[in-house]
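# Next input, structure requested:
(2 chains)
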Amino acid sequence: MNGALRDAVRERFGTQAVADQELFVQPATSEKFGDLQCNVAMPLARRLGRAPREVAAGLLEGIRWPKCVERVEIAGPGFINIFLSEKWLAGYCARLLQDERCLVPEVGAGRVVVMDYSSPNVAKPMHIGHIRSTVIGSALDRMYRYLGYRVIADNHIGDWGTQFGILILGYRHFVDQEALRRSPVEELERVYAASYAKARTDREWMEQARRELVKLQRADPENLALWSRFVQLSLQEFERIYRRLGVRFDLVRGESYYRDRLSGIVAMLKERGLARESEGAQVVFLEEEGLPPCIVQKRDGGFNYATTDLATIESRIQEFSPQKILYVTDERQQLHFRQIFAIARRVGWNTELVHVWFGLMRLPEGTFSTREGNVIRLELLLDEAERRALEIVRQTSPSMPEDQQEEVARAVGIGAVKYADLSQNPQSTVVFTWDKALSLEGNSAPYLQYTCARIQSVLDKYRETIGPLPSAESLELTHPQERRVAVRLVRFADVVLRSASRYRPNLLADYLSDLAKEYNTFYQNVPFLKSEPGVRESRINLCRATAAVLRRGLTLLGIETPRRI
RNA sequence: GCGCCUGUAGCUCAAUUGGACAGAGCGUCAGCCUCCGGAGCUGAAGGUUGCAGGUUCGAUCCCUGCCAGGCGCACCA
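Numbers count the residues shown, from 1 in each chain, chains lettered A, B, ... in the order given. Here you go, the predicted model:
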């Protein structure tokens, strides 16, 4: 359809008239304006100095529409309203029902994208601040994979750096082995905090920590063994959380993985005249880009995160030749990545680098920090989510066996936590409250899961009382509400594409809740199991198609859909 | 001081990057047949999109200036 319009524009107004990327058709803003609309006539009219309606009329004259178009109207100042053929809509839903992929095209086939998300620090428990990167990153990961991209999800954990000197020293003096066995990461964090506090007032202690760090960097066996143990303990705990969240990485390469490349990066930057000495450090100046200078080697000869990130890019390009590398981090790193990307461009690395940033998570009383002691551990949040969900499941499904209740509570609770984050614009700041994070009503995961379970139940009932599910071909739209559902099903593929290409899972979440709402209206107001044979089968198929899209959509967001909830 | 972001219904959030009378959920109010799962459905009330200008057929969106808040700005990541 876009093609037909674009061709018509080119033919009548010249090839320069519109850019390739320009959006031509979009969902209509109201159903009285049809199913789709095209607004291209108005900007075009301005450029041509003609009346918009006249341009629209000229555009439509003799245009060769695809067969899905029933009729077209010009309205208002020059809107082109497109009405889809009912028969085509029904046919599309029938095809969607028979297609494993819900007719979502594999636009990413043959393309590679590296994704960098979650990335917690070793020796610190994951807290609620980590959830956005993990959940948003994981949703984008799933969407890109589904679109046919080869995705390499790399958990770039903070496992190297100055903090390990302090930690090793603290470990030697303060560790409580019993506590370490009980709750390893919690204990490591305590040890680190104690050592850090001492270092701030005690110069000698600070100096010792620095020596421990140097020993580690020179591969002293004892310190290396300790470091490696800290990493292992932390990874085990992270893994436990990832399992609960259904998050999986292809690689877990911490910063340490790139440590042997760091001096090479700096040497390369110097050689190309990009880095030069300033105040004892090696610095890349980025005046042309309007950015502040970026330090790539400290005065003491040590490297910092900028160096590591550059080395990481180099390594990823060499190993995977990705078209794109995605970083999902909070907004505070915007400047840092703009610097890194600018340097990468100067070096000549032409992989597309994208910083997908999201707003900070805060508490009502302000920013949280380890030092303030007001962090909320991620595991605690997940526990609470499941607990609240279980309470409700027990109320609403008292006859369900206990282990199934728990299983449902898990899916619902975790789903609610994820959905709370995924359903809003990533870039907005989140003020954390328990009730918001664990919302189980309104526009929430359980509403969508409930809708899926209801459809499942309808299908079960059909098989029980009528027979095997009907052939997928029989699908007709005989009620206006069916049409509303069908129009939305048709949009699914576009929504997935748009949501992925704009790095906005909330666009998909919005769509799913809209679809579920239309379906529930249908469910509530239009009989189907009790309607006449024929119509009944058609409506059952519409239910099935809806379920397929809801399930697929939720899976892309990383949310489970239990058969019953 | 410079830069990035945010400000939308009482509350929590949308709005397909300039489109048609700004939409949902929660809360409030009024309803839903011995009927497929009531975690549901139908309806009502609720708005000067922070403020003031500008650009044009048209602005929550773009430009300028204010106000309020968040974040960042050379050796932490």
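
# What residues does the stretch 201-350 of chain A have near RNA strand B?
Within the stretch 201-350 of chain A, the positions lying close to RNA strand B (Cβ under 7 Å from any atom of the strand) are A:255, A:278-281, A:283, A:292-293, A:295, A:298-300, A:302, A:304-305, A:308, A:331-336. (C-beta placed from N, C-alpha, C; glycine too.)

# Could you give the separation of the helix or strand hosting A:Leu5 from the chain centroid?
Using DSSP states H and E, A:Leu5 maps to helix A:2-13. In terms of Cα atoms, centre = their mean, to the nearest Å, the centre of helix A:2-13 is set 35 Å apart from its chain centre.

# Could you do stretch A:304-322 as well?
Distance, centroid of stretch A:304-322 to centroid of chain: 22 Å (Cα atoms, centre = their mean).

# same deal with stretch A:214-231?
How far stretch A:214-231 lies from its chain's middle: 35 Å, per Cα atoms, centre = their mean.

# which parts of that stretch are buried?
Neighbour-count burial for stretch A:214-231 flags A:Lys215, A:Leu216, A:Gln217, A:Asn223, A:Leu226, A:Trp227, A:Phe230, A:Val231 (criterion: 16 or more other Cβ atoms under 10 Å).

# Hmm, which of those is lowest in pLDDT?
When those are sorted by pLDDT, the bottom entry is A:Gln217 at 89.

# Not counting its neighbours along the chain, what's nearest it?
Distances taken as Cβ to Cβ, 6 or more residues apart in numbering put A:Arg259 closest to A:Gln217, at 7.9 Å, once the chain neighbours are dropped.

# Double-check that neighbour against A:Gly161; I have them as touching.
No. In this structure, A:Arg259 is not within contact of A:Gly161 by Cβ atoms under 8 Å, at 10.0 Å.

# still on that earlier bit, for the residue nearest to A:Gln217, give me its contacts.
When contacts are counted by Cβ atoms under 8 Å, 6 or more residues apart in numbering, A:Arg259 is found next to A:Trp160, A:Gln217, A:Thr308.

# how about those in JSON lines, adding secondary structure?
Shown next, in JSON lines, are the contacts of A:Arg259 (DSSP: H, G, I helix; E, B strand; the rest coil):
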{"residue": "A:Trp160", "secondary structure": "coil"}
{"residue": "A:Gln217", "secondary structure": "helix"}
{"residue": "A:Thr308", "secondary structure": "helix"}
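
# out of those residues, which one sits closest to A:Asp35?
Checking the contacts of A:Arg259 against A:Asp35 by Cβ to Cβ gives A:Thr308 as the nearest, at 50.4 Å.

# Go ahead and confirm A:Leu97 touches A:Ala547.
No. Using Cβ under 8 Å, A:Leu97 is not in contact with A:Ala547; the gap is 9.5 Å.

# Show the model's pLDDT score for the residue in the stretch 301-450 of chain A positioned nearest to RNA strand B.
Nearest residue of the stretch 301-450 of chain A to RNA strand B: A:Gly442, at 1.6 Å (Cβ to the nearest atom of the strand). We have a pLDDT of 84 for A:Gly442.

# do A:Val55 as well
87.

# Quick one: residues contacting it.
A:Phe13, A:Ala41, A:Leu44, A:Ala45, A:Leu48, A:Gly78.
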